[in-house]
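Engineer: Fold the stuff below for me.
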Amino acid sequence: MEKKGCPIPNATARRIPMYYRYLKTLEESGVERIKSKDFSKMIQIPSATIRRDFSHFGELGRSGYGYDVSFLIEVFSHILNTEVEKRIALVGVGNLGKALGRYNFKNNDHLNIVCAFDTDSEVVGEKIKDIVVEDMSCLEERIKKEGVTTAILTVPSKYSQTVADKVIAAGVTAILNFAPGRIRVPDNVKVQYIDLTTELQTLIYFDENFTSSKQINF
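Structural biologist: Numbering: from 1, shown residues only. As a prediction, the model looks like this:
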């Protein structure tokens, strides 16, 4: 669907899952088509940004008519490859890890945490929903057996590089890291960082200094 020779900007790529999620909500509500200005009000992203993002994938709508919801879902479903199960390993089963394990992407049938690991003997053997936490020594064998290519790391920063090296050696090529410290990875491995403290501080700063802004998009 992407235009040949026109790579998708990173900012656009980050918004695609959100577009898809809201479009599914519209579909479930019986909405068949929507204009960019109405979609903008719903998701609090400027309509010009929405139109620019959508333009990377061809002519998806018509002037005066808007966008066909089911067609957009089909386009973004293809881009996100939502029909293929993404098997995920969770490394670090403290409070945050347990919360993620219990949630396990319950609103998305194609994202599935299938194994979890920790070094704490008091946590190893504990069952989170239907997943038994295993010792880190089992990580490489289990990840290969389960066909996992994505890992979520919720370990302290001082351990994140060591853990990243282990999951990469096991075949993981995509890492969601909840530790603020940056890790070194090969060119074929993608890393996304989530630092909850930084995100909250950023939100508070904009709330206190830019009161007219409804949503912050980075």
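
Engineer: and the residue lying closest to Leu26 once chain neighbours are set aside, how many residues sit next to it?
Structural biologist: With C-beta to C-beta, 6 or more residues apart in numbering as the measure, Val69 is the residue that lies nearest to Leu26, at 5.1 Å, once sequence neighbours are left out. In short, each C-beta sits where N, CA and C put it, glycine included. Residues near Val69, counting by other C-beta atoms under 10 Å, number 21.

Engineer: Pull the contacting residues for Val69.
Structural biologist: Leu23, Leu26, Glu27, Val31, Glu32, Arg33, Ile34 (C-beta atoms under 8 Å, 6 or more residues apart in numbering).

Engineer: quick one: the third one is in a helix?
Structural biologist: Spelled out, it's Glu27. Yes: under DSSP: H, G, I helix; E, B strand; the rest coil, Glu27 falls within a helix.

Engineer: which strands and helices sit next to the top strand by length along the chain?
Structural biologist: Ranked by residue count and defined by DSSP state E, the top strand of the chain is strand 111-118. Counting contacts by 3 or more C-beta pairs under 8 Å, 6 or more residues apart in numbering; DSSP states H and E, the secondary-structure elements packed against strand 111-118 are strand 86-91, helix 95-103, strand 131-135, helix 139-146.

Engineer: Tell me which strands the next helix or strand after the last one pairs with, and in which orientation.
Structural biologist: Put plainly, it is helix 139-146. Note on helix 139-146: by DSSP states H and E, the next helix or strand toward the C-terminus is strand 150-153. Next to strand 150-153 in the sheet, as set by DSSP bridges, lie strand 86-91 (parallel), strand 174-177 (parallel).

Engineer: ok so, going back, give me the buried subset of the contacts of Val69.
Structural biologist: Among those, those scoring as buried are Leu23, Leu26, Arg33, Ile34 (criterion: 16 or more other C-beta atoms under 10 Å).

Engineer: isn't Ile194 right up against Ile175?
Structural biologist: No: between Ile194 and Ile175 there is no contact, the gap being 11.0 Å when judged by C-beta atoms under 8 Å.

Engineer: So which of those two has more stuff around it?
Structural biologist: Just comparing Ile194 and Ile175: by other C-beta under 10 Å the higher neighbour count belongs to Ile175, 23 against 15.

Engineer: so where is this structure shaky, pLDDT-wise?
Structural biologist: Along the chain, the parts satisfying pLDDT under 70 run over 1-7, 82-84, 106-109, 202, 205-206, 209-218.

Engineer: And the helices in it?
Structural biologist: Residue ranges of the helices in the chain, as given by DSSP state H, are 10-28, 36-43, 47-55, 69-80, 95-103, 139-146, 157-169, 196-209.
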